[in-house]
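Novice: I need the structure of the sequence given here:
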Amino acid sequence: MSSSYIPMVSPALLWLIAGAILCFSEAIFPVAFVAFMMGISAIVVAAIALVIPSFPIQVILWLSLSTISIVGSRRFVPKKKLSNSRVGDAAEGETLTEIAPGKIGRVLYEGNSWQAICADHTISISSHQKVYIVDRKGNTLVVLPEFLPSALE
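Specialist: Okay, here's the model as predicted:
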């Protein structure tokens with residue numbers, strides 16, 4: 001008869017690992033500090049877990065702290081008015097992924113990742129390029145690259 005030993009991992013360690021993963025994911029996929037705030041909340045709950053052993057209470061604390069910190073951090077994220085006019089008046093963003101001709105990509109705008117499509121369906125915009133937001137259709141931004149190809153100018 002074989003016995004398998006499964007080590008018990010401390011809930012505090014699990015919260016600490018979850019917090020580290022969430023904070024690290026914010027660096028990879030920026031979402032206006034949402035993942036970062038959830039990670040910080042998880043790290044705080046890791047410390048509280050040493051005193052309060054009840055996992056349901058820990059989850060409620062984490063959800064509460066995350067909500068409060070996310071809502072509280074919104075006042076520090078600058079708001080830009082989204083313009084539906086010429087490129088000269090348009091807001092700026094940065095591509096997170098390549099936007100192929102006629103395809104949807106991702107753009108970082110106001111600290112959030114948005115779906116985006118190029119206003120000119122014949123050109124491609126590479127990742128990490130400055131773009132101008134010229135329109136918004138639902139949850140998709142319509143963008144133009146900082147430097148238009150000479151044929152379009």
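Novice: For the protein, just list every one of the strands.
Specialist: Remark: strands assigned in the chain by DSSP state E are 91-95, 104-109, 112-118, 130-137, 140-145.
Novice: Can you add mean pLDDT and give those back as JSON lines?
Specialist: Supplementary listing: the strands of the chain in JSON lines, determined by pLDDT from 0 to 100:
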{"stretch": "strand 91-95", "mean pLDDT": "89"}
{"stretch": "strand 104-109", "mean pLDDT": "91"}
{"stretch": "strand 112-118", "mean pLDDT": "90"}
{"stretch": "strand 130-137", "mean pLDDT": "88"}
{"stretch": "strand 140-145", "mean pLDDT": "90"}
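Novice: Quick check: which of those is buried the most?
Specialist: Mean neighbours per residue, mean count of other C-beta atoms under 10 Å, is largest over these for strand 140-145, with a mean of 22. C-beta here means a position set from N, CA and C on the backbone, and glycine is covered the same way.
Novice: wait, what's in contact with the residue most central in space within the chain?
Specialist: The residue lying closest to the centre of the chain (C-alpha atoms, centre = their mean) is residue 31, at 1.4 Å. Residue 31 makes contact with 111, 112, 113 under the criterion C-beta atoms under 8 Å, 6 or more residues apart in numbering.
Novice: Then residue 107?
Specialist: Taking C-beta under 8 Å, 6+ apart, one finds 93-96, 99, 113-116, 131, 133, 141, 143 in contact with residue 107.
Novice: Between the residues you listed, which sits nearest residue 9?
Specialist: Residue 9 has its nearest neighbour among the contacts of residue 107 in residue 113, at 32.2 Å by C-beta to C-beta.
Novice: looking at the strands of the chain, which is closest to residue 7?
Specialist: Using C-beta to C-beta, those put strand 112-118 closest to residue 7, at 37.7 Å.
Novice: helices and strands around that closest one, which ones?
Specialist: Where contact means 3 or more C-beta pairs under 8 Å, 6 or more residues apart in numbering; DSSP states H and E, strand 112-118 is packed against strand 91-95, strand 104-109, strand 140-145.
Novice: Turn those into CSV, columns for distance to residue 125.
Specialist: Compiled in CSV, the helices and strands packed on strand 112-118 are given as follows (distance: least, C-beta to C-beta, whole Å):
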stretch, distance to residue 125
strand 91-95, 6
strand 104-109, 7
strand 140-145, 5
